[in-house]
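Trainee: pasting the sequence and the predicted coordinates here, then a few questions.
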There are 2 protein chains.
Amino acid sequence: MFRLARGVTVTKRADARRNEKALLDAAAAAFVESGVDAPVRDIAARAGVGVGTIYRHFPARNDLIVAVFRHQVEECAAAGPELLATSASPHAALGRWIEIFADFLVTKHGLPEALNAGDLHAYFLERLVPVCAEILDAATAAGQIVPGVNPVGLLRGVGNLCIGAGRDDGYDARQMIGFLVEGLRKA
Amino acid sequence: MFRLARGVTVTKRADARRNEKALLDAAAAAFVESGVDAPVRDIAARAGVGVGTIYRHFPARNDLIVAVFRHQVEECAAAGPELLATSASPHAALGRWIEIFADFLVTKHGLPEALNAGDLHAYFLERLVPVCAEILDAATAAGQIVPGVNPVGLLRGVGNLCIGAGRDDGYDARQMIGFLVEGLRKA
DNA sequence: GAACAAGCGGAACCATGTTCCGCTAGAAAC
DNA sequence: GTTTCTAGCGGAACATGGTTCCGCTTGTTC
């Protein structure tokens, strides 16, 4: 993998690279079809590889999940500063950003649940907390929300509220999230 | 079990009654110690019975959970009308009742998660939704909260917010629930 | 084309919920 | 007290899911 003598080769073997791509594609498809709970074996079969191959590329199931959604998390993170710059007010930016975050979660069957169980947090929160903090700071500075709102707490709260959205019982995650954001307002 | 001829006997066998009690006690203890995810086998061992016995008394794991917490759910349900009668305002009653509900969930390791997964809903929600609806109606009628808040949605939202409380990362479920209830207020 | 190890496949392992069935032992009948 | 019947029991066995392991394959280099 890391051939350092005689012409610094740092490339993986061709088949390994191919398999990793195939796995990401297969996982993405499986997640859409069966949710992020799709069994490892199914994903492996879909990609035409053995389970061992999954675990070589992604040491745990969660790592595969993170890899599949990394791009979208990145986009969500990028939306933060942009909204802050273009919105009518920091509180409006906050509301809109949370909406984007929630839309991302709500459309991924089983992701919100998984976020709580596994240690997906590591990456998802690490990437998004600073963005959330920035918006929160701006809104606080503008006197639009109560002081002392913890970005980690807010993100986890919103994530939790997304759980079970999409089952047709009378639960509207977006409405609840709306109430939560509204409740942040300074009285 | 149901001997109807010759002197209507409707009692279970003595050992069966004893085992059911032992199971409830064992489960309660296991839930406190390891959360509601405590393996069925552990509970059986604790009660000194085989797993088969659990499944005869409680057809599914969830039924055991419901049985263990039924009493506390009942208490929570009873608190509703009482609070409505004694609180300064319907919105205050709502806040306090939600607090009681949340306290119940937060102190039961893994219960909020389980509420979403299994079909625990059946009983928990069935019992609590009408109570919540009554308080909500009173608060709406008093013009203290926005109209159209769905009791099922609110209860599930609060339940979701309780997930992961008690892990010492910076998540404060009660704070988030406070924001949510505050967000219900009529602007 | 020989040699080496990166990489592979999938059987095997572990943990969990649930089912099944042969045996045990309450309790009614005498 | 004994017999008889069956409710009820224990726990092996099955299903499903994540993860590990190891002998074999094959890409890559010389």
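Mentor: Sure, I can see it.
Trainee: give me the contact list for the worst-scoring helix or strand of chain A on mean pLDDT.
Mentor: Taking mean pLDDT, DSSP states H and E as the measure, helix A:111-117 is the helix or strand of chain A with the lowest mean score, a mean of 89. Contacts of helix A:111-117 with the rest of the structure, by C-beta atoms under 8 Å, 6 or more residues apart in numbering or on different chains, involve A:35-37, A:62, A:65, A:69, A:105-106, A:120-121, A:124, A:156, A:159-160, A:162-165, B:113, B:116-117, B:163-164. (Glycine included, C-beta is placed from N, CA and C.)
Trainee: are that helix and DNA strand C in contact anywhere?
Mentor: No. Taking C-beta under 7 Å from any atom of the strand as the criterion, helix A:111-117 and DNA strand C are apart, separated by no less than 13.4 Å.
Trainee: residues of the longest helix along chain A that come out buried?
Mentor: Looking only at chain A and at elements set by DSSP state H, the helix with the highest residue count is helix A:61-86. Across helix A:61-86, burial judged by 16 or more other C-beta atoms under 10 Å in any protein chain shown covers A:61-69, A:73, A:76-77, A:79-80, A:83-84.
Trainee: kindly report the same for stretch A:107-119.
Mentor: By neighbour count on 16+ other C-beta under 10 Å, the buried set for stretch A:107-119 is A:108-116, A:118.
Trainee: do the same with stretch A:134-151
Mentor: A:134-136, A:138-140, A:144-145, A:149-151.
Trainee: right, is stretch A:34-43 up against chain B?
Mentor: No. Among the residues of stretch A:34-43, none lie within reach of chain B under C-beta under 8 Å from any C-beta of the partner chain; the closest is 10.5 Å away.
Trainee: tell me which helix or strand residue A:20 sits in.
Mentor: For residue A:20, the enclosing helix or strand under DSSP states H and E is helix A:14-34.
Trainee: can you pull the buried residues of that helix?
Mentor: By neighbour count, and taking 16+ other C-beta under 10 Å as the criterion, the buried residues in helix A:14-34 are A:19-20, A:23-24, A:26-27, A:30-31.
Trainee: just curious, which of the residues you listed is nearest to residue A:46?
Mentor: When the buried residues of helix A:14-34 are compared for distance to residue A:46 (C-beta to C-beta), residue A:26 comes out closest, at 3.9 Å.
Trainee: got a pLDDT number for that closest one?
Mentor: According to the prediction, residue A:26 has pLDDT 98.
Trainee: swap in the one 3 residues further on?
Mentor: Each residue has a pLDDT score; the one for residue A:29 is 98.
Trainee: with adjacent residues omitted, what lies nearest to it?
Mentor: With C-beta to C-beta, 6 or more residues apart in numbering or on different chains as the criterion, residue A:29 has its nearest non-adjacent residue at 6.5 Å, and that residue is residue A:46.
Trainee: just the C-alphas of the host helix or strand of that neighbour, formatted as CSV.
Mentor: Assessed by DSSP H and E, residue A:46 sits inside helix A:40-47. Once non-C-alpha atoms are left out, helix A:40-47 reads as follows in CSV (Å, rounded to 0.1, in the frame of the first residue of the first chain):
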residue,chain,number,x,y,z
VAL,A,40,-23.7,-5.7,5.6
ARG,A,41,-24.1,-8.9,3.7
ASP,A,42,-26.7,-7.4,1.4
ILE,A,43,-24.3,-4.5,0.6
ALA,A,44,-21.5,-6.9,0.0
ALA,A,45,-23.6,-9.0,-2.4
ARG,A,46,-24.8,-5.9,-4.2
ALA,A,47,-21.2,-4.8,-4.7
